[in-house]
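Engineer: Okay, sequence plus prediction incoming.
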Amino acid sequence: MKTEWFIARRLQLGGGGGGASPSLNVALAGIVLAVVVMILSIAVVTGFKSEISNKIYALDPHMKVWNGVVGLDDNYSTVDGREVMEAIAADSSFVNKVESMSLIADKPAVLKTEDDFMGIQLKGVGPGYDWSYIERHLDAGRVPHSGDTAINEIVMSRTTARQLRLAVGDRVPTYFIDNKVKVRNTRIVGIFNTDFDSFDKAFIIGNIALVQQVNGWNANTGNYVGVNVRHMDKIGADAYELYSLLARDTYLHERNTLYVVNQTHTNNAAFFSWLSMLDMNVVVILVLMMVVAGFTIVSALLMIVLERIKMIGMLKALGSTNGSIRQIFIALTAKLIVKALVMGNIIGLGLALLQKHLHIMKLDPDAYYMPYVPIELNVGAVVVLNVGILLVSYLTLLGPSHIVSTIKPTATMRFE
């Protein structure tokens, strides 16, 4: 063991035998606070991004297969669902990546009650649609059944149901407007609440057979095929692969269809751009907290040096070099930093776990798309943060530690 580290281990923080001085306790508290803020900032922003992304992934298909021909109305912009799904099923390398797929048709509609009305989009979904997220967020009732017997069943959000004063079991006239007005008497079988107003206020979900009936389509026709994959980490490459296999299938079967594949990051670009901006907020917070911790560490080093002026003079009188004494005080300050890191991690992770499991801090769902502050703990990010703090702290100490070289042994004898 080096002499410097041996001396540093034997020394106590503070000039006397009664523990650290009040000034060092303030420095310790400052570093602990900075560590806590950094841990919570990363956990909250990561949790927020994860929650919003998961909502989008659950409510909007990961990929949408459209007809590339732009039409004047719904009757032109259609796809043959059976054709698309059979092409996907025939490709063994791609079909293993698929979690679910369904033919979907969207249709503008007007819900009309005796006292009120609301414009809305009816999302008609076919067999294979993933209802799991809606089922987890049902306030009442169930999801619609598939088949001709359940053609008029719909689910709507709690926001829509409250505005129109509707409940599970109620029937509501639904008006569709094309060349002429068509009305269907839909029945509410479920009410959900995702706390995602962009979806809750815009859509009701029902059977695709209802839209097909209104539009005069056959059972294989819809606006697009929604495809959900098992993993989102390579969604861009998967979308291109899907486009390629559909183009190849079209060529082999000598069809004239042009398919376009859009992925969810493109369809919801505004949300994902907003989420990416949160990374900059985290960077700003981390930089500010690092600066605060850096000033606090420098102050702590100076206080430790002032409390050990006589010891510095004695070590110099005994022949110790300035570099050796600097290492002693860097090691002594490191004890304070490590202590602050341990305390900061315990407090920061403890608060994060409390929020994660108890949801103590609440949010306004209308503004933040969720009712509480989300938390996601990433062990790797916490480890990198701690290593980064240690590295920055060491680099911060190198410059100010040169103050030791300015102290003369003769001057320390008169120091009180």
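Structural biologist: All right, it came through fine. Residues are numbered from 1 along each chain as shown.

Engineer: show me where the chain has strands.
Structural biologist: Shown for the chain, the strands assigned by DSSP state E span residues 63-67, 79-80, 98-112, 117-125, 138-141, 153-157, 171-177, 181-192, 203-207, 221-222, 224-229, 259-263.

Engineer: what sits against the residue nearest the centre of the chain?
Structural biologist: The residue lying closest to the centre of the chain (C-alpha atoms, centre = their mean) is Lys49, at 1.7 Å. By C-beta atoms under 8 Å, 6 or more residues apart in numbering, Lys49 lies in contact with 275, 278. Backbone N, C-alpha and C define where each C-beta goes, glycine included.

Engineer: Check it and give its pLDDT.
Structural biologist: Looking at Lys49, its pLDDT is 91.

Engineer: Adding mean neighbour count and mean pLDDT, write the strands of the chain out as a markdown table.
Structural biologist: Below are the strands of the chain laid out as a markdown table (neighbours: other C-beta atoms under 10 Å; pLDDT from 0 to 100):
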| stretch | mean neighbour count | mean pLDDT |
| --- | --- | --- |
| strand 63-67 | 22 | 93 |
| strand 79-80 | 20 | 92 |
| strand 98-112 | 20 | 94 |
| strand 117-125 | 19 | 94 |
| strand 138-141 | 16 | 94 |
| strand 153-157 | 26 | 96 |
| strand 171-177 | 17 | 93 |
| strand 181-192 | 18 | 94 |
| strand 203-207 | 24 | 95 |
| strand 221-222 | 24 | 94 |
| strand 224-229 | 25 | 96 |
| strand 259-263 | 19 | 93 |
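
Engineer: Now render these as CSV, adding distance to Ala269.
Structural biologist: CSV is the format used below for these (distance: least, C-beta to C-beta, whole Å):
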stretch, distance to Ala269
strand 63-67, 14
strand 79-80, 22
strand 98-112, 19
strand 117-125, 19
strand 138-141, 29
strand 153-157, 23
strand 171-177, 29
strand 181-192, 25
strand 203-207, 19
strand 221-222, 23
strand 224-229, 17
strand 259-263, 10
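
Engineer: Tell me how many other residues crowd the nearest residue to Leu33 once chain neighbours are set aside.
Structural biologist: Nearest residue to Leu33, sequence neighbours excluded (C-beta to C-beta, 6 or more residues apart in numbering): Gly344, at 7.7 Å. Residues lying near Gly344 (other C-beta atoms under 10 Å) number 23.

Engineer: For Thr333, see how far away Gly344 is.
Structural biologist: Separation of Gly344 from Thr333 (C-beta to C-beta, to the nearest Å): 16 Å.

Engineer: same question, Phe94
Structural biologist: 57 Å.

Engineer: When those two are compared, which one has more neighbours?
Structural biologist: Thr333 (28 against 18).

Engineer: quick one: low-confidence ranges for the stretch 251-400 of the chain?
Structural biologist: 306-309, 312, 316-319, 322 (pLDDT under 70).
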